[in-house]
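1. Build me a model:
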Amino acid sequence: MAQNGHGNALLGFMPRRNIFVPTLCIVVLIAVWTFRLPSGGSYSYSSVDWFDSKSAASSKSESSSSSPPSSSSFPSSKSSGSSTSSIQQSPSIPKQPSVWSSPPHLDAIPGNEVDLSQPDAPFVGWPLKRLCDETTWVEGLVYICDNNSGGLGNIRNYIQTCLRYALEAGATGLTIPRIRKRNEKDLADLFTDYLPFSYMFDEQHFRDAFTENCPKITLYDDVKAIPGVGASPKIDNITPKDLGNRDGCDPLDQNRHTDRFGLVFRKWLNNEKHGHAPTKEKPRLIRFNWGVLFDWQIFRDGPELAATFGGILRLNDKFLQLGKKTLEKMHAFARADGAKDGAFLGIHLRTENDALGFWPHYDTQSEAYMAQARKRGYQTAYLATGNLTEADKFIDAGIEMAQMRIVTKADLLADDDLDELEALSWDQQGLVDYVVLLGAEFFVGVMPSSFSVHVAMKRHLKTGGLYTRPYKTGTEGDGHSYIVGKYDKYWAGWLFMWDGMWP
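-> Numbers count the residues shown, from 1 in each chain. Okay, here's the model as predicted:
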């Protein structure tokens, strides 16, 4: 017995009579596995090359920016416990690592080869199409997105916020947005005449974006064009946040109920106390009360829609072309001044008489801008401002404080181009500045100007394309922009703009 016990200890406590069967099983399994493995030529790439540029090119050739990426664009999510038959049917799928230590090659995703930071970037429509495919549509529901005023940053976001709510509500009709013109003699007066969409934007591009990606939606030229509204259309004016319980929220807080807005709104819509249920023959018209501006937290929809939804509002081509001419001349000016590749600093000085009292004043802005210019070694800069007196003062300061030559659009343009510029309204001239500032190597602006914030967010798309992460406010920036301002109070400092503005 002692001898047998000693032998069992040497064999790992396994009786000798059991050695043959498990050994045979192991040999058979190894042989089967060896013969079933595909040859090396069956694999296009090794597992570490799963997102190799070859794979990216293949994906790009099979997809378009109007279609969402298929699941085949990413590694399979099946576990390592998949059946043997599954392995046999798909021998070309490499074994996945348990942890991905680096991000995928994002060029493999349709639309991510587009530089979304450009003012004329092609519209990447598949995120909008995905949203529309998920929408619960309501026949006869029409949204009127025309309560829009201010400068470019505000008007863009008024329109997009209204459109985003319309999609969540299930509107099957939209009127082409209109724009309220600013009083040229009193810039703080934002509510003069209604002007057409083309006052700033490309209407055909807007129509194409919705026609191709949201075919359930009918676009109407105006309210009178909506069938069944009659001679005196009834329009319901609402504020979306009123449809959610906001106990304890700051009045400026974004809508924390956007996920449920569609459900709650449709319940309200079909309550006979608020009017008849909409039908194709008898539609319901919805307009927002003024001020629904930074209401929707854009990243609730995912980075793809956050990065691309702004693309529905492309500038009217005449402003794009004049802006590009100005940008070309600015690059030439910078090259002549010794700047490599015509690189220049873009500056937004916001000191016009409609700026609110708590905004950083001229001295705060100019000192911060000059400090960034010296830090980054710029010798040439482009200045965007509507305050000609402050512009002259700032240009002189550029030479004295930073040895930097500064010019404006009026300095760069001449003859017919200058005549065209001077014929534009105050806000339209800002569209030319917008194009040039997007083309600057580095940009400095001011909080809480919605124009500055929008330019910085648009430029921020250079960092990640479709999968750009939120801009880190109150920091040194993202390497493309720096925004001076106060960042210690979320509401009083209007930091909520960064969460509710589409780039």
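2. who does the helix or strand hosting residue 367 touch, helix- and strand-wise?
-> Secondary structure from DSSP states H and E places residue 367 in helix 362-376. Helices and strands touching helix 362-376, by 3 or more Cβ pairs under 8 Å, 6 or more residues apart in numbering; DSSP states H and E, are strand 345-348, helix 388-402, strand 442-446, strand 481-484. Where you see a C-beta, it was placed from the backbone N, CA and C, and this is true even at glycine.
3. Mind checking the pLDDT average for the longest helix seen in the chain?
-> The longest helix of the chain (DSSP state H) is helix 317-336. Averaging pLDDT along helix 317-336 gives 98.
4. So which bits of the longest strand anywhere in the chain are buried?
-> The longest strand of the chain (DSSP state E) is strand 138-144. Within strand 138-144, the residues scored as buried using 16 or more other Cβ atoms under 10 Å are 138, 140-144.
5. Adding pLDDT and distance to residue 485, write these out as TSV.
-> Shown next, in TSV, are the buried residues of strand 138-144 (pLDDT from 0 to 100; distance: Cβ to Cβ, whole Å):
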residue	pLDDT	distance to residue 485
138	98	41
140	98	45
141	98	40
142	98	39
143	98	33
144	98	34
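6. Out of these, flag the one nearest to residue 118.
-> Here the nearest of the buried residues of strand 138-144 to residue 118, counting by Cβ to Cβ, is residue 143; it sits at 28.9 Å.
7. list the contacts for the closest one?
-> The neighbours of residue 143, taking Cβ atoms under 8 Å, 6 or more residues apart in numbering as the test, are 162-163, 165-166, 169, 171, 173-175, 285-287.
8. mind listing which of these are in helices?
-> Assigned to helices by DSSP H, the following of the contacts of residue 143 qualify: 162-163, 165-166, 169.
9. Just give me the closest of those residues to residue 377.
-> Using Cβ to Cβ, residue 163 comes nearest to residue 377 of the ones in helices among the contacts of residue 143, at 42.1 Å.
10. Counting neighbours, what do you get for the closest one?
-> Neighbourhood size, residue 163 [other Cβ atoms under 10 Å]: 25.
11. tell me the contacts of the closest residue in space to residue 294 that isn't next to it in sequence?
-> Sequence neighbours aside, residue 500 is the residue nearest to residue 294 in space, at 3.2 Å (criterion: Cβ to Cβ, 6 or more residues apart in numbering). Going by Cβ under 8 Å, 6+ apart, residue 500 touches 157, 161, 254, 293-298.
12. thinking again about what came up before, any chance of JSON lines for the buried residues of strand 138-144, columns distance to residue 192?
-> JSON lines is the format used below for the buried residues of strand 138-144 (distance: Cβ to Cβ, whole Å):
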{"residue": "138", "distance to residue 192": "34"}
{"residue": "140", "distance to residue 192": "33"}
{"residue": "141", "distance to residue 192": "30"}
{"residue": "142", "distance to residue 192": "26"}
{"residue": "143", "distance to residue 192": "23"}
{"residue": "144", "distance to residue 192": "19"}
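13. which residues in the stretch 51-200 of the chain form strands?
-> Ranges of strands in the stretch 51-200 of the chain, per DSSP state E, counting those that start in this stretch, are 138-144, 171-175, 179-180, 194-195.
14. Each with direction, which strands does the first one pair with?
-> Looking back up the chat, that one is strand 138-144. The pairing partners recorded for strand 138-144 under DSSP bridges are strand 171-175 (parallel), strand 284-288 (parallel).
15. what's the spacing between that strand and its chain's center?
-> Counting by Cα atoms, centre = their mean, to the nearest Å, strand 138-144 is centred 26 Å from the centre of its parent chain.
16. in the longest helix of the chain, what's buried?
-> 319-327, 329-331, 333-334.
17. I'd like these written out as a markdown table, with distance to residue 304 added.
-> Listed next are the buried residues of helix 317-336 as a markdown table, based on distance: Cβ to Cβ, whole Å:
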| residue | distance to residue 304 |
| --- | --- |
| 319 | 27 |
| 320 | 25 |
| 321 | 29 |
| 322 | 31 |
| 323 | 27 |
| 324 | 28 |
| 325 | 33 |
| 326 | 32 |
| 327 | 28 |
| 329 | 35 |
| 330 | 32 |
| 331 | 32 |
| 333 | 37 |
| 334 | 35 |
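18. biggest separation within these, which pair?
-> 319 and 334 (22.2 Å).
19. Tell me who's in contact with residue 199.
-> So residue 199 contacts 179, 181, 316, 428 (Cβ under 8 Å, 6+ apart).
20. Lowest-confidence member of those residues, which is it?
-> Here the lowest pLDDT out of the contacts of residue 199 sits on residue 181, with 90.
21. got a list of what it touches?
-> 192-195, 199, 425, 427.
22. Please report the distance of it from residue 132.
-> Counting by Cβ to Cβ, to the nearest Å, the separation of residue 181 from residue 132 is 31 Å.
23. What lies in contact with the helix holding residue 367?
-> With Cβ under 8 Å, 6+ apart, helix 362-376 has contacts from 345, 347, 349-351, 360, 381, 390, 393-394, 397-398, 401-402, 404, 442, 444, 446, 482, 484.
24. quick one: low-confidence parts of the stretch 51-200 of the chain?
-> Residues of the stretch 51-200 of the chain meeting the criterion pLDDT under 70: 51-108.
25. Quick one: distance of stretch 399-414 to the chain centre.
-> With Cα atoms, centre = their mean, you get 31 Å for stretch 399-414.
26. who touches it?
-> Residues contacting stretch 399-414 (Cβ under 8 Å, 6+ apart): 322, 325-326, 329-330, 333, 337, 345, 347, 366, 370, 373-374, 378-385, 391, 394-395, 398, 418, 421, 429, 432-433, 436.
27. Could you tell me which of these count as buried?
-> Using 16+ other Cβ under 10 Å, the buried ones in the contacts of stretch 399-414 are 322, 325-326, 329-330, 333, 345, 347, 366, 370, 373, 378-385, 391, 394-395, 398, 421, 429, 432-433, 436.
28. so is the residue nearest the centre of the chain in a helix, a strand, or just coil?
-> Closest to where the C-alpha atoms of the chain average out (Cα atoms, centre = their mean) is residue 307, at 2.2 Å. Secondary structure assignment for residue 307 (DSSP: H, G, I helix; E, B strand; the rest coil): helix.
29. Surely it touches residue 115?
-> No - the criterion here is Cβ atoms under 8 Å, and residue 307 misses it with residue 115 at 11.4 Å.
30. Find residues that contact each of these two.
-> Common neighbours of residue 307 and residue 115, counting by Cβ under 8 Å, 6+ apart, are 461, 465.
31. ok, back up a step: just give me the closest of the buried residues of helix 317-336 to residue 240.
-> The closest of those, once distances to residue 240 are taken by Cβ to Cβ, is residue 319, at 30.8 Å.
32. which residues touch the closest residue to the closest one other than its chain neighbours?
-> With sequence-adjacent residues excluded and distances taken as Cβ to Cβ, 6+ apart, residue 319 is closest to residue 431, at 4.1 Å. Contact analysis of residue 431 by Cβ under 8 Å, 6+ apart lists 152, 200, 315-316, 319, 323, 424.
33. Any chance of TSV for the ones in helices among the contacts of residue 143, columns distance to residue 281?
-> Compiled in TSV, the ones in helices among the contacts of residue 143 are given as follows (distance: Cβ to Cβ, whole Å):
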residue	distance to residue 281
162	25
163	25
165	24
166	20
169	20
